[in-house]
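In: Quick one, fold the following:
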Amino acid sequence: MQPTLVLIPGLLSDNSVWEPVAALADMPTYFADATKDPSIESMAARVVSETKGPLIVVGHSMGGRIAMEVTRQAPDRVTRLVLANTGHHPLKDGETEKRQAKIDEGYADFAGMIKGWLPPMMAASRHDDTALIDSLTSMALEIGPEVHEQQIKALVNRPNATEYLPQVSCPVLLLTGTEDVWSPEKQHREIQEMVADAELHVVENAGHFLPVEQPDLTAELITNWLNCKEEE
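Out: Just a heads-up that it's a prediction; the model follows:
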């Protein structure tokens with residue numbers, strides 16, 4: 001049975017983040033919806049219940065957290081795992097308060113919050129990319145402050161991935177940008193050390209929104225890796 005490519009977006013993101021990968025991949029594709037459920041576990045459970053057979057699971061940022069949880073819930077079904085710009089740490093000291101402040105800011109002035117949130121998430125060379133910033137802004141505004149709150153609370157109550165990453169037996173591809181200050185290279189190297197079979201690529205001129213900052217390269221890295229693993 002041919003595997004299904006599961007594409008999971010991150011915080012305040014939708015299918016468009018992964019469309020270049022879907023276009024290049026020659027396999028059935030499932031776009032996960034991370035806006036409907038209140039926890040990382042329930043977001044992952046939706047993926048597991050709405051798909052059949054073997055899965056290649058790809059997640060960006062918060063979507064990486066969901067992807068790892070899918071692998072925990074259905075280890076016999078996940079044949080490949082791709083994690084982009086993500087993290088594995090449990091809740092850190094002071095994180096709850098910082099994230100609540102972001103929720104409050106979102107309800108007070110969601111457009112203003114997005115305007116301040118997006119540029120630091122991207123490489124410096126993208127800060128003047130009006131088309132990209134406008135596209136991401138529209139995407140986030142459409143999702144809205146209520147879902148933003150739900151997703152932030154899901155992240156605050158996230159599972160501790162460090163507890164089960166060492167049990168991941170499928171091949172893993174890790175991707176991040178050289179200018180990702182939110183999920184830097186160091187975090188991905190830590191994940192690489194935890195799992196048995198992991199490959200890491202650090203992409204130049206990209207920040208936390210790697211899949212949309214460097215869409216063609218991201219799609220090529222993922223599809224080439226999948227093709228190589230298929231040949232092994």
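
In: Quick check on the residue most central in space within the chain: phi, psi?
Out: Central residue of the chain (Cα atoms, centre = their mean): His60, 1.5 Å from the mean position. When read as degrees, to the nearest 10, the backbone of His60 gives phi -110, psi 130.

In: Would you mind naming the residues that bridge with it?
Out: Judged by DSSP bridges, the bridge partners of His60 are Ala84.

In: Provide the secondary structure category for Lys115.
Out: Each residue gets one of three states, and Lys115 gets helix by DSSP: H, G, I helix; E, B strand; the rest coil.

In: how near is it to Pro90?
Out: According to Cβ to Cβ, to the nearest Å, Lys115 and Pro90 sit 30 Å apart. In short, each C-beta sits where N, CA and C put it, glycine included.

In: go on, Ile66?
Out: Ile66 sits 16 Å away from Pro90 when distances are taken as Cβ to Cβ.

In: Neighbour count for the two, which is higher?
Out: The neighbour count for Ile66 versus Pro90, taken as other Cβ atoms under 10 Å, is higher for Ile66 (32 against 12).

In: any idea which helix or strand carries that one?
Out: helix 62-73 (DSSP states H and E).

In: then that helix to CSV, C-alphas only?
Out: In CSV, the C-alpha atoms belonging to helix 62-73 read as follows (Å, rounded to 0.1, in the frame of the first residue of the first chain):
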residue,chain,number,x,y,z
MET,A,62,4.0,23.4,16.2
GLY,A,63,3.2,20.9,13.4
GLY,A,64,6.4,19.2,14.2
ARG,A,65,5.2,18.6,17.7
ILE,A,66,2.0,17.1,16.3
ALA,A,67,4.0,15.0,13.9
MET,A,68,6.1,13.6,16.7
GLU,A,69,2.9,12.8,18.6
VAL,A,70,1.5,11.0,15.6
THR,A,71,4.6,8.9,15.6
ARG,A,72,4.1,8.1,19.3
GLN,A,73,0.4,7.2,18.8
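
In: in the worst-scoring helix or strand of the chain on mean pLDDT, what's buried?
Out: Least confident element among the helices and strands of the chain, by mean pLDDT, DSSP states H and E: helix 215-231 (a mean of 90). Neighbour counts over helix 215-231 (16 or more other Cβ atoms under 10 Å) mark 215, 217-219, 221-223, 225-226, 229 as buried.

In: Stretch 80-93 too?
Out: Neighbour-count burial for stretch 80-93, counted by 16+ other Cβ under 10 Å, picks out 80-88.

In: And these, which is closest to Ala44?
Out: Leu81 (12.3 Å; Cβ to Cβ).

In: Got phi/psi on the nearest residue to the closest one once chain neighbours are set aside?
Out: Nearest non-adjacent residue to Leu81, counting by Cβ to Cβ, 6 or more residues apart in numbering: Val172, 4.7 Å away. Per-residue torsions, Val172: phi -130, psi 130 (degrees, to the nearest 10).

In: For Val172, the count of nearby residues, please.
Out: When counting by other Cβ under 10 Å, one arrives at 25 neighbours for Val172.

In: same question, Arg77
Out: Using other Cβ under 10 Å, Arg77 has 19 neighbouring residues.

In: mind checking how far Arg77 is from Lys52?
Out: In terms of Cβ to Cβ, Arg77 sits 9 Å off from Lys52.

In: residue ranges for the strands of the protein, please.
Out: For the chain, the strands defined by DSSP state E cover 4-8, 29-31, 55-60, 78-84, 172-177, 198-203.
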